[in-house]
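A.B. asks: After the sequence you'll find the predicted model.
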Amino acid sequence: MNMFALIASFGGGIIGAYMGALPAFILTGVVAIAGAAVSMAGGADLTVGFVAFGSYLGPHIAFAGGVAAAAYAARNKKLGDGTDILSCLNGLSDPATLVVGGIFGVLGFLIHYVLGSVLHLNTDLPGCTVIISGIIARLVFGTSGLLGKAPAGQARAYFTRGKGMVCNILLGLGIGTASGFVYQALADTGASAAVLGSYPVLCFGIAAVSLIFTQTGFAMPGTHHIALISALAAVTSANPVMGTVFGILASLFGDFVGKTFNSHCDSHIDPPAFTIFVFTFIINLLFGTGFFSV
């Protein structure tokens with residue numbers, strides 16, 4: 001365990017709290033794009049490993065810290081809604097909220113370490129950690145229970161239906177097809193393993209940065225789970241069609257997770273992170289090295 005990185009994770013969690021979870025994640029996307037571009041050009045991927053997915057802006061640290069801080073602030077009547085991942089919590093002028101973000105940053109680092117270095121779980125470790133951290137935050141600071149509490153007499157929906165479902169399928173189809181067949185175009189040009197390996201990170205970063213439109217009030221959906229998973233499926237299977245297939249599956253599964261965990265609740269459990277860790281596990285099982293890394 002890198003003790004400097006562990007100490008830094010406290011600061012990363014504070015960054016996620018004072019910025020707000022989503023603004024911090026958008027910056028993760030910016031750095032992911034830059035780091036992926038450097039890697040694809042033949043440089044070292046230190047920016048991706050230590051900044052975008054490390055103790056500075058790693059989703060399991062900064063985003064998760066911001067999520068927990070929002071849940072804490074709402075529990076203590078300092079924030080109107082614990083599911084608010086857009087607000088910069090520095091505006092609350094509450095030191096305890098920032099400290100909670102820092103604590104969950106450290107917790108995220110430790111969970112990530114156990115999953116990867118101890119259990120060698122062969123999936124997306126930041127995504128898995130974000131979910132575990134989000135569940136802990138809800139159980140500690142929330143009052144709605146893990147799955148939320150639907151109002152009496154109101155039927156609970158687990159999928160978007162009708163035209164909304166069609167749109168979700170088309171969203172997965174569009175992103176998955178673009179991601180998969182651009183992979184094939186790269187492969188056909190003789191792109192190196194380093195280029196192809198960094199391509200899913202690039203797709204993830206582009207989708208993450210697009211959330212700036214969500215932050216500014218437009219109806220932009222989160223799509224980084226679709227972009228990453230479809231590109232990863234295409235690269236790992238060496239089949240662009242798998243990008244389309246997994247793009248659709250990731251879109252529908254993300255909708256299911258959102259309806260299941262983020263309906264009638266008082267904190268945020270991240271559907272894209274849930275989708276990324278589940279489908280990375282499946283892709284590794286089908287096309288990669290199996291249940292555990294070596």
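C.D. replies: Yep, that arrived.

A.B. asks: Work out the gap between stretch 243-250 and the centre of the chain.
C.D. replies: Centroid separation between stretch 243-250 and its chain, computed with CA atoms, centre = their mean, to the nearest Å, is 17 Å.

A.B. asks: hang on, I meant stretch 125-136
C.D. replies: 9 Å.

A.B. asks: for stretch 79-91, same thing?
C.D. replies: Averaging C-alpha positions (CA atoms, centre = their mean) puts stretch 79-91 18 Å from its chain's average.

A.B. asks: Determine how far the last residue of that stretch lies from the first.
C.D. replies: Length of stretch 79-91, first residue to last, CA to CA, to the nearest Å: 10 Å.

A.B. asks: how many other residues sit next to residue 94?
C.D. replies: 18 (other CB atoms under 10 Å). For every residue, glycine as well, the C-beta is placed using N, CA and C.

A.B. asks: Contacts only, for the residue lying closest to it once chain neighbours are set aside.
C.D. replies: In space, and not counting its chain neighbours, residue 94 is closest to residue 78: 5.4 Å by CB to CB, 6 or more residues apart in numbering. By CB atoms under 8 Å, 6 or more residues apart in numbering, residue 78 lies in contact with 92, 94, 97.

A.B. asks: Looking at these, which are in helices?
C.D. replies: residue 97 (DSSP state H).

A.B. asks: all helices of the stretch 51-200 of the chain, in order?
C.D. replies: 64-75, 95-113, 125-141, 163-188, 193-209 (DSSP state H, counting those that start in this stretch).

A.B. asks: most packed of those helices?
C.D. replies: helix 64-75 (a mean of 31; mean count of other CB atoms under 10 Å).

A.B. asks: Just give me how far that helix sits from the chain centre.
C.D. replies: 16 Å.

A.B. asks: Show me the shaky parts of this structure.
C.D. replies: For the chain, the stretches with pLDDT under 70 are 289-294.

A.B. asks: and with 50 instead?
C.D. replies: The chain contains residues with pLDDT under 50 at 291-294.

A.B. asks: residue with max distance from the center of it?
C.D. replies: Centroid-distance maximum for the chain: residue 153 at 33.2 Å, with CA atoms, centre = their mean.

A.B. asks: Okay, buried residues for stretch 152-160 please.
C.D. replies: By 16 or more other CB atoms under 10 Å, the buried positions in stretch 152-160 come out as residue 160.

A.B. asks: now swap in stretch 276-288 and tell me
C.D. replies: 276, 277, 278, 279, 280, 281, 282, 283, 284.

A.B. asks: Keep only those of those residues that are in helices.
C.D. replies: 276, 277, 278, 279, 280, 281, 282, 283, 284.

A.B. asks: Quick one: residues contacting the spatially closest residue to the fifth one that is not a sequence neighbour.
C.D. replies: Ranked by CB to CB, 6+ apart and with sequence neighbours excluded, the top spatial neighbour of residue 280 is residue 124, at 4.0 Å. With contacts taken as CB under 8 Å, 6+ apart, residue 124 has the following neighbours: 276, 277, 280, 281.

A.B. asks: what's the most distant pair in the residues you listed?
C.D. replies: 276 and 281 (9.6 Å; CB to CB).

A.B. asks: do you know how far residue 277 is from residue 74?
C.D. replies: Residue 277 sits at a distance of 25 Å from residue 74 (criterion: CB to CB, to the nearest Å).

A.B. asks: Ok, residue 254 next?
C.D. replies: From residue 254 across to residue 74, the span is 24 Å (CB to CB).

A.B. asks: got it, and residue 285?
C.D. replies: 38 Å.

A.B. asks: for residue 182, same thing?
C.D. replies: Taken as CB to CB, the span from residue 182 to residue 74 is 41 Å.

A.B. asks: what's the answer for residue 68, then?
C.D. replies: 11 Å.

A.B. asks: List the residues that are in contact with both of the two.
C.D. replies: residue 141.

A.B. asks: list the buried ones in the helix or strand where residue 244 lies?
C.D. replies: Per DSSP states H and E, residue 244 falls inside helix 240-261. Of all the residues in helix 240-261, those buried under the rule 16+ other CB under 10 Å are 240, 242-261.
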